[in-house]
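What shape does this take:
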Amino acid sequence: MPSIPVASIDTVASGGTPALTATGQPGQTYNVLSSPTLVNWTAIGTMTLDATDSGQFTDPAGTSLPNSYYRLQGQ
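Coordinates of the predicted model:
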């Protein structure tokens, strides 16, 4: 199985809603995972990086779960 280059992820709260920005390999699609405890992770959507190596994702439940952690899982 080919390895997927590591992506970096930054999170910024805008009006209480977490907005994630990631950089990595152009065209790569990631599952966006969320967890309130770092134990159990839930897929909340996907993000595909554009031609400039970046992508954005807004957590639709972010305002109701203010203490969440995020990570990306390559597809």
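
Low-confidence ranges, the protein, go.
1-7, 14-15, 63, 65-66 (pLDDT under 70).

measure Ala43 to Ser64 for me?
Distance from Ala43 to Ser64, counting by CB to CB, to the nearest Å: 17 Å. For glycine as for every other residue, the C-beta is placed from the backbone atoms N, C-alpha and C.

so is the residue nearest the centre of the chain in a helix, a strand, or just coil?
The residue lying closest to the centre of the chain (CA atoms, centre = their mean) is Val32, at 4.1 Å. Using DSSP: H, G, I helix; E, B strand; the rest coil, the structure places Val32 in strand.

Next up, the contacts around it.
Shown in contact with Val32 (CB atoms under 8 Å, 6 or more residues apart in numbering): 20, 43-47, 57, 59, 70, 72.

From Thr21, how far out is it?
Distance from Val32 to Thr21, by CB to CB: 12 Å.

try Met47
For Met47, the distance to Thr21 - CB to CB - is 9 Å.

I appreciate the help and will end here.
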